[in-house]
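Novice: Attaching a predicted model along with its sequence, questions to come.
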Number of protein chains: 2
Amino acid sequence: MDGMDIGDLAERILKGERRALARAITLVESGRADHRAAARELLEKLRGAGREALRIGLSGTPGVGKSTFIEAFGMMLTAQGLKVAVLAVDPSSARSGGSILGDKTRMERLSRDPNAFIRPSPAQSQLGGVARRTREAIGLCEAAGFDVILIETVGVGQSETVVAEMSDLFLLLLAPAGGDELQGVKRGIMETADIILINKADGDLKATATRTCADYAGALRLLRKRPQDPQGFPKALTVSALEEEGLQKAWDEMQALTEWRRETGHFAARRAGQARFWFESEVREGLLARLRREPVKGAMTALAHQVEEGGISAAAAADELLETYLGETPGA
Amino acid sequence: MDGMDIGDLAERILKGERRALARAITLVESGRADHRAAARELLEKLRGAGREALRIGLSGTPGVGKSTFIEAFGMMLTAQGLKVAVLAVDPSSARSGGSILGDKTRMERLSRDPNAFIRPSPAQSQLGGVARRTREAIGLCEAAGFDVILIETVGVGQSETVVAEMSDLFLLLLAPAGGDELQGVKRGIMETADIILINKADGDLKATATRTCADYAGALRLLRKRPQDPQGFPKALTVSALEEEGLQKAWDEMQALTEWRRETGHFAARRAGQARFWFESEVREGLLARLRREPVKGAMTALAHQVEEGGISAAAAADELLETYLGETPGA
């Protein structure tokens, strides 16, 4: 990583070299200050290059067949000549000791496909950090000429929201289930989804999948209509990743929705809004980052002790810290 | 409010003058810079004065009889010679056009009681701002010599957590209900509650209330034991605010729990932890506040437009803002 030529790396990414892309993602995942600076330089060089990929967010809890779906769906797209990247956002990966995609053997065929690129979630527990790195990885994948970028998450805590905020389309993958379990899906996620896919519509579960799909279609109709949806969206569909059924239909729907959003300006508006949101997040994060660096960090710990012991009020201690170390005039 | 003598105001608060207390709370609720400075001065003058009140957080959704409970419970305490303050934390009050306590006639007797002080939630929508002002109001009530401070919330969004973070004890007030409705209480709140009170244990609902109480007692036993609880806590009790039944029993339990926590050091440890948390929140809030002030605010808006239009990347724009206006060296 060290002594790396950023100009050379950028060129190799633009040529679509997967090793260069992997190296660049490792760079953006690094927390080291010199790596951050190099990553910024690289991203700036690549900005606006490559193509505008379709960014598809995909959420599904363990057991719904997410890996099987991504593999089957990804293989179908590469067979159509598309280049597919798969990124994972998994804030829990640090704790669980490995990302959902850590074991690439779970997508053995897709990982060997020359038109596919699979990248596990970085081993970090902070969602904010994972979000930034994933956004940057998206930029790198676009520079490398990928047509479709699948960003997958297990939907732990806020991770679905984070993924939705960096996607053009958001898919929710569910398993067939009895009517009672429908309420298990968080309302917020229902409202975020563009297409709900009921997987495992095969064998014994086929009938249940069809019923589950109808249940969700009904539930989706009860939601308030969103301006970014044409007639009939969001919608629920059945798929069988195992038997590779319904995947083309799902892709057709994704394309139809994307086409409509492009024509009506919703696609561009969503990206603009996301860029603005990201900028504001970066500013807030950059500002708060200095609380974790010396000399502020040490002063904050010392003041916190005084506050705990009652030697100074919380407000006065905060004023003192802001004034002394952070250039703030209290009450100003 | 203007031209006010802070030293005089402090003295009158220390004498327990309710008008002075009300005026001081209005001062801490003000967003004006000169009022903030005066509030800080006042709070600093009063720090450590007065008595250490028992701060009781109380959450209950509309319809559980919260006002009736507070009135009956408060009247019982004042009859025992205690001074009782009631503060409300209601982040939705700005929208709903009035706090839950805005209509003091709902606690007509208590509001006329010379040993009681009732203060509605400030008309602000931001929970962070309400939290700070409520914490400061607690300090003022303690300086004014109140023995018990009830901090009530309707439990919208995160408001229960906010109230729990400033309370010594946290009560959850519930209405009698069928077993199915038990799951409606958020698990996080169950885990925060020290005592669950099933209100309306009177008339036709008495049997249901007893059953509901048993259900919750069972649910509480399933939760992991917390170090800050003696044997038998958290517990569920029935009360009837209407018939003023069970209130003394509930108060006895609160006192027993408080006594145990004082003796074991948990009471002081909780306050110390809360003070630390508050200090850290104030620092973060103070830091983020400058993003809402000129010239940073204007520069941020301008850069956000550029980011939306693709003229600059979100990360580069954030760096530029931090470097130019906020004294930050990117990547440092």
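Specialist: Nice, I can see it. Numbers count the residues shown, from 1 in each chain, chains lettered A, B, ... in the order given.
Novice: Walking through the stretch 51-200 of chain A, point out its strands one by one.
Specialist: For the stretch 51-200 of chain A, strands defined by DSSP state E, counting those that start in this stretch occupy the ranges A:54-59, A:84-89, A:116-119, A:148-153, A:169-174, A:195-198.
Novice: Indicate which one of the ones you listed is closest to chain B.
Specialist: With distances scored as C-beta to the nearest C-beta, the stretch of the strands of the stretch 51-200 of chain A nearest to chain B is strand A:54-59 (14.9 Å). No exception for glycine: its C-beta is placed from N, CA and C like everyone else's.
Novice: tell me the angle of that closest one relative to strand A:84-89?
Specialist: Computed with axes from the mean of the first three to the mean of the last three C-alpha atoms, to 10 degrees, the direction of strand A:54-59 lies at 40 degrees from that of strand A:84-89.
Novice: Which strands border strand A:54-59, and is each parallel or antiparallel?
Specialist: In the sheet, strand A:54-59 lines up against strand A:148-153 (parallel), strand A:169-174 (parallel) (DSSP bridges).
Novice: Reformat the strands of the stretch 51-200 of chain A as TSV; add mean neighbour count and mean pLDDT.
Specialist: As requested, the strands of the stretch 51-200 of chain A are exported to TSV (neighbours: other C-beta atoms under 10 Å in any protein chain shown; pLDDT from 0 to 100):
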stretch	mean neighbour count	mean pLDDT
strand A:54-59	24	96
strand A:84-89	28	92
strand A:116-119	23	94
strand A:148-153	25	95
strand A:169-174	24	94
strand A:195-198	26	96
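Novice: Give me the buried positions along the helix or strand containing A:Trp251.
Specialist: A:Trp251 belongs to helix A:247-264 when assigned by DSSP states H and E. Buried residues in helix A:247-264, counted by 16 or more other C-beta atoms under 10 Å in any protein chain shown: A:247, A:250-251, A:253-254, A:257-258, A:260-261.
Novice: hmm, who's touching that helix?
Specialist: The contact list for helix A:247-264 (C-beta atoms under 8 Å, 6 or more residues apart in numbering or on different chains) reads A:54, A:56, A:72-73, A:76-77, A:168-169, A:171, A:194-195, A:197, A:228-230, A:233, A:235, A:237, A:239, A:241, A:266-268, A:270.
Novice: where in the stretch 51-200 of chain A is pLDDT low?
Specialist: The model of the stretch 51-200 of chain A has pLDDT under 70 over residues A:91-105, A:122-128, A:156-157, A:178-187.
Novice: For it, which residues are neighbours of chain B?
Specialist: A:135-136 (C-beta under 8 Å from any C-beta of the partner chain).
Novice: those helices in the stretch 51-200 of chain A, which residues are they?
Specialist: Along the stretch 51-200 of chain A, the segments classed as helices by DSSP state H, counting those that start in this stretch run A:66-79, A:93-96, A:108-112, A:127-143, A:159-164, A:187-192.
Novice: Let me see the ranges of the strands in the stretch 201-332 of chain A.
Specialist: Counting by DSSP E, counting those that start in this stretch, the strands of the stretch 201-332 of chain A are A:235-238.
Novice: quick one: low-confidence ranges for it?
Specialist: For the stretch 201-332 of chain A (pLDDT under 70), the answer is A:328-332.
Novice: Residues of it that sit close to chain B?
Specialist: A:272-273, A:275-276, A:278-280, A:282-284, A:286-288, A:290-291, A:293, A:300, A:303-304, A:307-310, A:313-319, A:321-322, A:326-328, A:330-332.
Novice: Just the buried subset of those residues, please.
Specialist: Using 16+ other C-beta under 10 Å, the buried ones in these are A:272, A:275-276, A:278-280, A:282-284, A:286-287, A:290-291, A:300, A:303-304, A:307-308, A:313-319, A:321-322, A:326, A:328, A:330.
Novice: Domain map for chain A?
Specialist: According to the TED database, chain A is divided into the following domains: A:1-48, A:51-263.
Novice: Pick the most deeply packed of those.
Specialist: domain A:51-263 (a mean of 19; mean count of other C-beta atoms under 10 Å in any protein chain shown).
Novice: need the longest helix for chain A.
Specialist: Taking DSSP state H as the criterion, chain A has its longest helix at helix A:266-289.
Novice: For the spatially closest residue to A:Tyr216 that is not a sequence neighbour, list each beta-bridge partner.
Specialist: Excluding the flanking residues, the one nearest A:Tyr216 by C-beta to C-beta, 6 or more residues apart in numbering or on different chains is A:Ala236, at 4.1 Å. Per DSSP bridges, the residues bridged to A:Ala236 are A:Ile196.
Novice: Can you add distance to B:Arg211 and give the strands paired with strand A:54-59 back as TSV?
Specialist: Shown next, in TSV, are the strands paired with strand A:54-59 (distance: least, C-beta to C-beta, whole Å):
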stretch	distance to B:Arg211
strand A:148-153	41
strand A:169-174	36
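Novice: Right, I'll call it a day here.
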